[in-house]
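Novice: structure for the following, please:
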Amino acid sequence: VEGQCPDSGVIRVITNGNLVAAIESSLKKLPSVEAVAAALRDCDDDALSLEALAIVQQYACPTDEQTAMLQGMKAMHPDWALAVPEQFMWVLGNLGSAKEKAEIWQFVRQAPDDLKPPKEMLNDIGYILDGIAKSKSIPRIFGYILAVGNYLNAGTPRGQADAFHLTLTFQECMNCKGKGDVTLSRWLFDSLSRTQRKLLDDFVCDLMPLLMKVGRAWVKKEGDIEVQKEPMIVLSECESMLRTLQKQVADRTTRMQVVLRGIEDMTDPFKLNIPSRMQAVEQEVTRLTDLLQATMDKYKKLLSWFGLDSRLGSGEFCLLWDDFLVPPSMLNRLDPRMKKEFAQAVFVRGKSTRAFTLDELLILWGIKPLELPKPPGAKEKPGARASGAEARSRRKVNFKEGPSQLRPDRAPTPRGSSRVAGFGVAGAASRFSTVARRSARLSSFRKSLRVEAAAGA
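Specialist: Model prediction:
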């Protein structure tokens, strides 16, 4: 902006009226010019907040061109006053490299907060991967599903499968239906809840850290609301954040070296404090980068164990499990009252998720009834039991302690099904996806399938 000396006797380098008003409004949030200069000279974190330091960078530190203008105009009119923005420019411009110092100082203060999201995400992902890899319940549940698939296809080559394709099987469990539109998934959860409840409860508990990292929210669609899911742990986002920080560290380090070369005073606070803080940031970025690589290797190993494509993103991996246990179709088909009073309180909570119980999951699947409080004014039917608030014992998930009793053992051979011996998750020899085409054998899950005969009590 061209500098001018109007007849008012005030020196202004910035003359655009609207811009001047905006700058002066921001500068009012700062302490005095002298206090800002002292804080910048001493690198005093307590004297200037990060918000104030950003204002200093943007509006109070002059460019080389503005500094030259101020010096020329001040020489021509030594008795004229400086406008408010120019007062800051004049004082800070005489400090030397004020803008560069402010930018580097702000970075070493802000970087620890910027490193928290990738750090927390990597810790969460590592905990989730370890829990799944060490889980005893997941292989046993898969053995159960495999035994059911072999039982349905008994007498055919499809009934001799030793493994199944995870993604296709989860899809077919929802697509395959018997009488009353009962899906195979619902039948599996119903059967397991009656015959092997502890196993099913352990399965849900082992996957809970993952399920709690999937945000679910209602979105309006065609006059109704439907659930929309968003995974909250995505390795690619973590990688992007760390790459950005790596570049910023390299850039700020180069600028810092330039500033340090211009400081001759060995007791200068910037020279004494900032390099060590920059080094600490660089070391933490390097540590998290190494942790990211180790986590990605662990994730690829788990994908291989499940026989999944190594290109499958961590977000898609989370949605694969969440859609199997908490299908969007089950949430969307609930009536408005159930959506509001049950689903929204338990499952659809945006990103503020919580652990849910096996009973709550069975209610969602329609396996266990839910007694909602009666609307105001509703009359109690004679002989009806009063519904009280039943205390639920929730299995709490602690991301720091980690899951207990978890090991990646292979599933035991179900009784009565010798074909499932040596069950392994990996392998693309899926035969279970043909279940949907054998609807004649699925006229009624409860009558045609006997868990005791297929997979043991």
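Novice: with adjacent residues omitted, what lies nearest to the residue positioned nearest the centre of the chain?
Specialist: The residue lying closest to the centre of the chain (C-alpha atoms, centre = their mean) is residue 232, at 2.2 Å. Leaving out its chain neighbours, the residue that sits closest to residue 232 by C-beta to C-beta, 6 or more residues apart in numbering is residue 213, at 4.7 Å. Backbone N, C-alpha and C define where each C-beta goes, glycine included.
Novice: ok, then the element right after the helix or strand hosting residue 287?
Specialist: Assessed by DSSP states H and E, residue 287 sits inside helix 269-306. Sequence-wise, the next helix or strand downstream of helix 269-306 (DSSP H and E) is helix 314-325.
Novice: so where do the strands sit in this structure?
Specialist: For the chain, applying DSSP state E gives strands covering 10-11, 81-82, 214-221, 224-231.
Novice: what residues does the second one touch?
Specialist: Right, strand 81-82. 9, 10, 11, 70, 74, 90 (C-beta atoms under 8 Å, 6 or more residues apart in numbering).
Novice: I'd assumed residue 84 was in contact with the second one.
Specialist: Spelled out, it's residue 10. No. Using C-beta atoms under 8 Å, residue 10 makes no contact with residue 84, being 9.7 Å away.
Novice: which one's more surrounded, these two?
Specialist: residue 84 (18 against 15; other C-beta atoms under 10 Å).
Novice: so what's the more buried one scoring on pLDDT?
Specialist: For residue 84, the model assigns a pLDDT of 92.
Novice: wait, it touches residue 27, no?
Specialist: Yes. Using C-beta under 8 Å, residue 84 is in contact with residue 27, at 5.9 Å.
Novice: next up, the contacts around residue 332.
Specialist: 224, 226, 227.
Novice: quick check, nearest of those to residue 40?
Specialist: Distance to residue 40 across those (C-beta to C-beta) is lowest for residue 227, with 50.6 Å.
Novice: give me the distance between that closest one and residue 25.
Specialist: From residue 227 over to residue 25 the distance is 44 Å, taken as C-beta to C-beta, to the nearest Å.
Novice: look at those two and report which has more neighbours.
Specialist: More neighbours surround residue 227 than the other of residue 227 and residue 25, with 21 against 10 (other C-beta under 10 Å).
Novice: which non-adjacent residue is nearest that one?
Specialist: Per C-beta to C-beta, 6+ apart, closest to residue 227 is residue 331, 4.5 Å.
Novice: check contacts around the one you found.
Specialist: Contacts of residue 331 by C-beta under 8 Å, 6+ apart are 216, 226, 227, 339, 343, 347, 348, 364.
Novice: now the residues you listed as JSON lines including pLDDT and distance to residue 97?
Specialist: Formatted as JSON lines, those follow (pLDDT from 0 to 100; distance: C-beta to C-beta, whole Å):
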{"residue": "216", "pLDDT": "96", "distance to residue 97": "50"}
{"residue": "226", "pLDDT": "94", "distance to residue 97": "56"}
{"residue": "227", "pLDDT": "95", "distance to residue 97": "54"}
{"residue": "339", "pLDDT": "93", "distance to residue 97": "59"}
{"residue": "343", "pLDDT": "95", "distance to residue 97": "58"}
{"residue": "347", "pLDDT": "96", "distance to residue 97": "55"}
{"residue": "348", "pLDDT": "96", "distance to residue 97": "53"}
{"residue": "364", "pLDDT": "95", "distance to residue 97": "61"}
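Novice: from those residues, keep the buried residues only.
Specialist: Neighbour counting by 16 or more other C-beta atoms under 10 Å classes 216, 227, 339, 343, 347, 348, 364 among the contacts of residue 331 as buried.
Novice: would you point to the one among the strands of the chain that's packed deepest?
Specialist: The highest average neighbour count among those, using mean count of other C-beta atoms under 10 Å, belongs to strand 10-11 at a mean of 18.
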